[in-house]
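*Asks:* Dropping the sequence and predicted coords here.
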Amino acid sequence: MTVVVDEVKSPGAVRSDAATLVVRAGAGDQGAWSRLVDHYARLVWAVTRSFRLSDSDAADVSQMVWLRLLEHINRVDPERVGAWLVVTTRRECLRVLAFRKRVLLTYEATAFEDVAGDQPEPDADLLAGERADDVRRALESLPDRWQQLLGMLMADPPAPYAEISATIGIPIGSIGPIRGRCLEKLRLLLAS
């Protein structure tokens, strides 16, 4: 290890080459930055490979680590830059691995056809039919005017308020409040 006297610290203070490179890179010296990256590139790469990342993920992590160092270079202890790089690289690797757990890539279009979670429950159609019957009965118990209003609002596409007003004979400003009362009554009927 080569030792140099650093002009930034107090006279007589001694720094390693790497620490000097960090200080100079923090001051904007592009050459120092390049030498710093060259000095620690193998360390960063070794840490990414220890996580068994693919080459592309390892390269992404490496780029992210150097970006993080650039962002924080004036806050990193120059004497501990190696340790900082190791910790930051590990964190980035863990972030990539966590993301990969959420994403499953497949080349086969039929890969998920037999997965149980993708299939509807055996009685789902029966339950949906019963629920539709319950809603229909609850709708039929509402006053005719409310049934007509909800029918026009639930049509595809819904009827404009002006048309609803003219057909049913209620003011446009009353359609929303009446709809709210209708739906609340339906909720009560379906809950019972």
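*Replies:* Yep, it's here.

*Asks:* which residues touch the spatially most central residue of the chain?
*Replies:* Taking CA atoms, centre = their mean as the criterion, residue 99 is the residue nearest the geometric centre of the chain, at 9.5 Å. By CB atoms under 8 Å, 6 or more residues apart in numbering, the contact list for residue 99 is empty. All C-beta spots, glycine's among them, are computed from the backbone N, C-alpha and C.

*Asks:* Apply 10 Å and report the result again.
*Replies:* Residues in contact with residue 99, defined by CB atoms under 10 Å, 6 or more residues apart in numbering, are residue 57.

*Asks:* Can you tell me how far it is from residue 137?
*Replies:* 49 Å (CB to CB, to the nearest Å).

*Asks:* Of all the residues in the helix or strand hosting the residue nearest to the centre of the chain, which ones are buried?
*Replies:* Here residue 99 sits within helix 81-102, counting by DSSP states H and E. Across helix 81-102, burial judged by 16 or more other CB atoms under 10 Å covers 81, 84, 85, 86, 88, 89, 90, 92, 93, 96.

*Asks:* Where does the closest residue to the last one other than its chain neighbours fall, secondary structure wise?
*Replies:* Among residues not flanking residue 96 along the chain, residue 57 sits closest, at 5.3 Å (CB to CB, 6 or more residues apart in numbering). For residue 57, the enclosing helix or strand under DSSP H and E is helix 55-72.

*Asks:* what's the angle from that helix to helix 81-102?
*Replies:* Taking axes from the mean of the first three to the mean of the last three CA atoms, to 10 degrees, one finds helix 55-72 and helix 81-102 inclined to each other by 130 degrees.

*Asks:* ok, and for helix 55-72, which residues are buried?
*Replies:* 57, 58, 61, 62, 64, 65, 66, 68, 69.

*Asks:* And for stretch 143-160?
*Replies:* Here stretch 143-160 shows 146, 149, 150, 152, 153, 159 as buried, counting by 16+ other CB under 10 Å.

*Asks:* Pick out whichever of these sits closest to residue 49.
*Replies:* Within the set of those, residue 153 lies nearest residue 49; the separation is 61.6 Å, counting by CB to CB.

*Asks:* And the helix or strand where the closest one lies, what does it pack against?
*Replies:* Using DSSP H and E, residue 153 sits in helix 144-154. Based on contacts counted as 3 or more CB pairs under 10 Å, 6 or more residues apart in numbering; DSSP states H and E, the elements that helix 144-154 packs against are helix 124-140, helix 161-164, helix 172-191.
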